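Undergrad: Here's a sequence, model it:
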Amino acid sequence: MTAVILFIIYIVQESVMSQVRLPWGGFSLLLIFTLTWAALSTPINGALTGFIAGLFMDLSQSTDGPMGHWTLLMIIMCYAIAFLGYGDDNSRGNPITIVFLVSAASTATLLLYVISGKLLGIEFGSFGRVISTLAGNGFWTLAASPFLLPIVLPIHRILFNTQAKL
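TA: Sure thing, here's the model as predicted:
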């Protein structure tokens with residue numbers, strides 16, 4: 001069921017959000033949703049969510065890197081964010097913590113993408129443009145996450161409560 005939800009978010013990202021032009025780069029709806037979903041999940045579910053979302057991100061038309069690049073990064077970051085929030089109920093129960101954790105993880109994910117992409121020979125443009133895009137993504141993710149969190153929380157709760165009763 002998580003794959004279906006992520007596929008719907010991927011379709012919205014590719015058809016609607018990729019057309020929106022925001023100053024300093026904008027944000028990725030799929031990245032925010034996936035990291036929020038992982039922050040609410042166990043580490044294993046977070047890694048599986050990262051794998052599915054990474055595959056979709058690799059299939060995106062706007063991706064310049066090799067196949068599997070986003071998948072690897074998303075597995076690592078979703079596992080890490082799920083691991084950070086898994087043992088601490090205070091962070092899971094506090095929406096402000098989740099918003100800041102997702103914003104920081106989003107920026108860190110893009111930074112890792114740039115660093116590993118440079119090692120793979122991907123061209124990103126000037127250093128100033130990369131820094132501007134990273135800062136813009138962090139800002140827009142911080143601005144968009146509070147609006148996405150009330151959508152993700154009930155879906156996550158319904159999905160995993162239903163599975164636990166079976």
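
Undergrad: thinking Ile5 is in contact with Ile158, fair?
TA: No. Ile5 lies out of contact with Ile158 (CB atoms under 8 Å); the separation is 10.8 Å. All C-beta spots, glycine's among them, are computed from the backbone N, C-alpha and C.

Undergrad: Name the residue in those two with the higher neighbour count.
TA: Ile5 (17 against 11; other CB atoms under 10 Å).

Undergrad: Just the buried residues of the strand or helix carrying Ile11, please?
TA: Per DSSP states H and E: Ile11 is located in helix 2-15. Using 16 or more other CB atoms under 10 Å as the burial criterion, the residues of helix 2-15 that qualify are Thr2, Ile5, Leu6, Ile9, Tyr10, Gln13, Glu14.

Undergrad: Also stretch 33-43?
TA: So, applying 16+ other CB under 10 Å, buried residues of stretch 33-43: Phe33, Thr34, Leu35, Thr36, Trp37, Ala38, Ala39, Leu40, Ser41, Pro43.

Undergrad: From the centroid of this protein, which residue is nearest?
TA: Leu31 (2.4 Å; CA atoms, centre = their mean).

Undergrad: Now do the same for the helix or strand hosting that residue: mean pLDDT, whole number.
TA: Using DSSP H and E, Leu31 sits in helix 29-39. Taken as a whole, helix 29-39 carries a mean pLDDT of 91.

Undergrad: Report the angle between it and helix 2-15.
TA: 150 degrees (axes from the mean of the first three to the mean of the last three CA atoms, to 10 degrees).

Undergrad: going on from helix 29-39, what's the next piece of helix or strand?
TA: By DSSP H and E, the next helix or strand past helix 29-39 is helix 43-59.
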